[in-house]
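Q: Structure for the following, please:
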Amino acid sequence: MKELTSYKIHLNQQLTTNEILNIHHYVANNACDVYLHQNHLIADAGNVTKLLSFFLLADTQSPMKMIIDGECVDHHYDQLSVLWEQRIEKCDLQTKYDHSTITNNISIVV
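A: Residues are numbered from 1 along each chain as shown. I've put the predicted structure just below:
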């Protein structure tokens, strides 16, 4: 069942290149889309160059938003959070939409 969930993440330090690549590999090999947003920055985790650029410019003093789109979003969140758990200071669920809320040609707030 298709879901869309967003999380507000506070990092305590920058991610290593290896951690960033692990996030990219997870997203590239699983049935989900992951997007990261902070201020004027946005990245599709499936695009390794955009993901690396995002984390190069990201500010650890400001929260970022992670949006996961796909099936079994909670499972994907659990798997992704293991990849960078030592860098996450705090993570809060922002919004969660299930398949009945998500339809074509509709705008939603994340």
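Q: Bridged to the residue nearest the centre of the chain, which residues?
A: Centroid-nearest residue in the chain, with CA atoms, centre = their mean: M66, separated by 3.1 Å. For M66, the beta-bridge partners are Y7, L36 (DSSP bridges).
Q: Same question for K2.
A: E71.
Q: hey, where'd the helices end up in the protein?
A: 17-28, 48-57, 73-83 (DSSP state H).
Q: right, and those helices - which one's nearest Q94?
A: helix 73-83 (11.8 Å; CB to CB). To be clear about C-beta, it is placed using only N, CA and C from the backbone, and glycine gets the same treatment.
Q: now the closest one and helix 17-28, what's the angle there?
A: 160 degrees (axes from the mean of the first three to the mean of the last three CA atoms, to 10 degrees).
Q: Now do the same contact list for L93.
A: Counting by CB atoms under 8 Å, 6 or more residues apart in numbering, L93 touches 5-7.
Q: can you redo those as JSON lines with distance to E19 and neighbour count?
A: Shown next, in JSON lines, are these (distance: CB to CB, whole Å; neighbours: other CB atoms under 10 Å):
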{"residue": "T5", "distance to E19": "21", "neighbour count": "20"}
{"residue": "S6", "distance to E19": "21", "neighbour count": "22"}
{"residue": "Y7", "distance to E19": "17", "neighbour count": "22"}
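Q: In a markdown table, list these along with distance to H40 and pLDDT.
A: Formatted as a markdown table, these follow (distance: CB to CB, whole Å; pLDDT from 0 to 100):
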| residue | distance to H40 | pLDDT |
| --- | --- | --- |
| T5 | 23 | 94 |
| S6 | 18 | 95 |
| Y7 | 20 | 96 |
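Q: This completes my enquiry, with thanks.
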